[in-house]
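K.L.:
Fold the following, please.
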Amino acid sequence: MLESYLKHIPMSITTQALLLGLTVGLVTYYTFGKKKYKLPPGPWCLPLIGHLFAMNSSTPFYRQLLEWRKKYGPAITIYLGPKRCVVLNDVETVTEALIKKGADYAGRFKAYSVEVFTNGYKDIAMADVSPTWKHLRKIALQGLRQCLYGSKLEKKVFDSTSKVMRRLKEEEGKPIDIEKYIGLLVFNILHGVCFNKSFDINDKQFLELLHVFEFTNKETGNGFWEDLIPPLRRFPTTKFKRIVETYQIFLNFIRDEYSAHKDKFSDDDMKDFADYLIHARRQAILEDPEIENLITDEHLIQTCSDIFSAGIDTTRQTIYWTILLLISHPEIQTKVHAEVDHVIDAGEAPTLKDRERMPYTEAVLHESMRLCPIGPFGFPHATRCDTTIGEYEVPKGTMVMINHWALHNDPEVWKDPEIFRPERLLDADGNLAPKTMSWLPFSAGRRNCLGESIARPEMHLMLAILLRNFTFKCPEGKTIDLTPEGCFTFLPRKSDVIVEARK
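P.N.:
Numbering: from 1, shown residues only. Predicted coordinates for the structure are as follows:
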């Protein structure tokens, strides 16, 4: 991609001299002009280029970092172009950063692409710590609890799964794109939570939104040159413009839904998360008029976007990975069927109250999240002050990434880490063992996933209902490819699946 831009630069003697001078100046600045810190060690790299070549190799970068850990230790300094980044690759360093020194590491690293997608960091997930962020996170948590307490979450899941199960039974015995049906299932849960609506499988808007998520996930790949080369922000690459235009379809959908809710809002008839956010903002303004400028409609739109997009991406891909793993390990699928059948009476449906009595099903889900972390690096943190990690110094403003894949595949913690074995997550009595920091799909500390307390029971209930009603198989003569896609992502590959209704 960079070569295509260099071709348009007139390489006269003057231009060459300017480029050489700029390069020497930047190298001198980064080498001699900055305060020296005792940074964590890392592999050598070219000035300005950094480790970009390693990130574009055939080896996924999360694997490469686990290999580098053997030589450089668990905390490694790398460079994304000229930007310094410290990557943490074991449970001790992650615990130190996220728990023991959580305030130091609670910032978010600013990137141009994120600023564009969030309209100036007006969301929760990618915004830095600030009074606005704290207030937004507080009302978002309250709103989720208000919308999904008691039987409300069950109802959302039941309504959505009922629609999908009817469609799956119509396709019984045929090779189908199961990811599309899982997408509908999760979309409708989140559409119901946020806006009290649902889609059908062939709904034009649903298919368009599903395409937006699939396209942006795959095309984002290893990031954007615009984040590393400031002049490209004025002359963006075709890739960046295409992704921004595509993602705008989703943001326009959120804005339209939010505007419709605001126009029809009534304190006496709050049905969903969007209504709760509108209500919470109005109440806060009554108490403190300054809130009107601190939290705008755009902040609430971006908050809805966070809940909708994060929930859809992680949940649908986790369920999809789990089904693919169960197809590849039919003996484990049989054990889940046996547990669900033992706990749930004939003709009954699983409920959230049954979750504790189905520890093996829960362990299957947890093992799927361990083996297939949807975001191997999560969202990048940033240090809010000069701090330390172990014996090393980490300057203020440094990007910090958590290698969740390394935690989940650490051979010192997990025996045979690349084998799908749910039993490893059960205790001697067959119950789910306590969660450890070595299993960290939702992160931890001050920037832990906003929706973890909802996502875990939601996914368990979805999986239990699906496996109570169906057996999933691979078409005859085919195999499931469990090789993930992406260097910085862990996306499942498309696979046709046969669905059989259980009697």
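
K.L.:
what's in contact with the strand or helix carrying Leu461?
P.N.:
The secondary structure element spanning Leu461 is helix 452-469 (assigned by DSSP states H and E). Contacts of helix 452-469 with the rest of the structure, by C-beta atoms under 8 Å, 6 or more residues apart in numbering, involve 144, 148, 153-154, 157-158, 161, 165, 185-186, 189, 311, 314-315, 318-319, 322-323, 326, 333, 336-337, 340-341, 344, 349-352, 354-355, 358, 361-362, 364-365, 442, 449, 501-502. Every C-beta, even on glycine, is put in place using the N, C-alpha and C of the backbone.

K.L.:
buried residues in stretch 207-218?
P.N.:
Judged by neighbour count (16 or more other C-beta atoms under 10 Å), stretch 207-218 contains these buried residues: Leu209, Leu210, Val212, Phe213, Glu214, Thr216, Asn217.

K.L.:
Just checking: the least confident one among those residues is which?
P.N.:
Across those, the bottom pLDDT score, 83, is held by Asn217.

K.L.:
That one: what's it in contact with?
P.N.:
By C-beta under 8 Å, 6+ apart, the residues touching Asn217 are Asp313, Thr489, Leu491.

K.L.:
10 Å instead?
P.N.:
Remark: with contacts taken as C-beta atoms under 10 Å, 6 or more residues apart in numbering, Asn217 is in contact with Asp313, Gln317, Ile374, Glu485, Gly486, Thr489, Leu491.

K.L.:
Identify the residue with the minimum pLDDT among those residues.
P.N.:
By predicted confidence (pLDDT), the lowest-ranked of the contacts of Asn217 is Gly486, with 76.

K.L.:
Quick check: phi and psi on it?
P.N.:
According to degrees, to the nearest 10, the main-chain angles of Gly486 amount to phi 100, psi 150.

K.L.:
Where does pLDDT dip in the stretch 301-450 of the chain?
P.N.:
Low-confidence segments of the stretch 301-450 of the chain, defined by pLDDT under 70, are absent.

K.L.:
and stretch 437-454, how far out from the chain's middle?
P.N.:
Centre-to-centre, stretch 437-454 and its host chain are 11 Å apart (C-alpha atoms, centre = their mean, to the nearest Å).

K.L.:
buried residues in it?
P.N.:
Using 16+ other C-beta under 10 Å, the residues of stretch 437-454 that count as buried are 438-447, 449-451, 454.

K.L.:
just stretch 227-236 next, same as before
P.N.:
Within stretch 227-236, the residues that qualify as buried by neighbour count (16+ other C-beta under 10 Å) are Asp227, Leu228, Ile229, Leu232, Arg233, Pro236.

K.L.:
where's the third one relative to Pro475, distance?
P.N.:
Shown here: Ile229 relative to Pro475, a distance of 46 Å by C-beta to C-beta, to the nearest Å.

K.L.:
and the angle for the helix or strand hosting Leu144 with helix 452-469?
P.N.:
Counting by DSSP H and E, the element that carries Leu144 is helix 131-148. For helix 131-148 against helix 452-469, the angle by axes from the mean of the first three to the mean of the last three C-alpha atoms, to 10 degrees is 30 degrees.

K.L.:
list the buried ones in helix 131-148?
P.N.:
By neighbour count with 16+ other C-beta under 10 Å, helix 131-148 contains the buried residues Thr132, Trp133, His135, Leu136, Arg137, Ile139, Ala140, Gly143, Leu144, Gln146, Cys147, Leu148.

K.L.:
got it, and stretch 103-118?
P.N.:
By neighbour count, with 16+ other C-beta under 10 Å as the criterion, the buried positions of stretch 103-118 are 104-114, 116-118.

K.L.:
Can you name the next helix or strand after the longest helix belonging to the chain?
P.N.:
Looking across the chain with DSSP state H, the single longest helix is helix 297-328. Following helix 297-328 in sequence order, the next helix or strand is helix 330-343 (DSSP H and E).
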